[in-house]
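Participant: Structure of the sequence below:
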Amino acid sequence: MLKKIDTKIVVLRRLVELDASNNLISILPREFPYMPALTQLNLSSNKLADLNPQIFEGNISNTLYKIDLSNNEVSWIWGDRGMSAS
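Facilitator: Model (predicted):
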């Protein structure tokens, strides 16, 4: 089981879909926003608690249209108008 996503993943510039579900991931790498082709991200059933809003900025903000964060420990979701309780 993965405890983190390696920062080297950003070299996969053509990666379209990432399924890292059912692991022990508790934090996402800072480099995550620089994946220009990523459209779908499945992080369900991990240990994510806090999501830095910068994770969804950069190249990823133009391409990502589906994200699954179900069955995590997320208590706040950042949106266009700030954050709200989930």
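Participant: Excluding covalently adjacent residues, which one is nearest to residue 25?
Facilitator: In space, not counting the residues next to it along the chain, residue 25 is nearest to residue 46; the distance is 4.2 Å by CB to CB, 6 or more residues apart in numbering. From N, CA and C alone the C-beta is placed, and that goes for glycine too.
Participant: Wasn't that neighbour part of a helix?
Facilitator: No. Read with DSSP: H, G, I helix; E, B strand; the rest coil, residue 46 is coil and lies in no helix.
Participant: From what I see, it and residue 19 are in contact.
Facilitator: No. Between residue 46 and residue 19 there is no contact under CB atoms under 8 Å: 11.4 Å.
Participant: higher neighbour count, the two?
Facilitator: residue 46 (26 against 11; other CB atoms under 10 Å).
Participant: State the phi and psi torsions of residue 11.
Facilitator: phi -70, psi -10 (degrees, to the nearest 10).
Participant: quick one: it and residue 58, what's the gap?
Facilitator: 15 Å (CB to CB, to the nearest Å).
Participant: How about residue 30?
Facilitator: In terms of CB to CB, residue 30 sits 10 Å off from residue 58.
Participant: Name the residues contacting each of those two.
Facilitator: Taking CB atoms under 8 Å, 6 or more residues apart in numbering as the criterion, residue 30 and residue 58 do not both touch any residue.
Participant: Quick one: the strands in the protein, in order.
Facilitator: 17-19, 40-42, 66-68, 76-79, 82-85 (DSSP state E).
Participant: the more surrounded of residue 11 and residue 58?
Facilitator: Remark: of residue 11 and residue 58, residue 58 carries more neighbours, 14 against 11, as counted by other CB under 10 Å.
Participant: I'd say that one and residue 33 touch.
Facilitator: Yes. Residue 58 lies in contact with residue 33 (CB under 8 Å); the separation is 3.1 Å.
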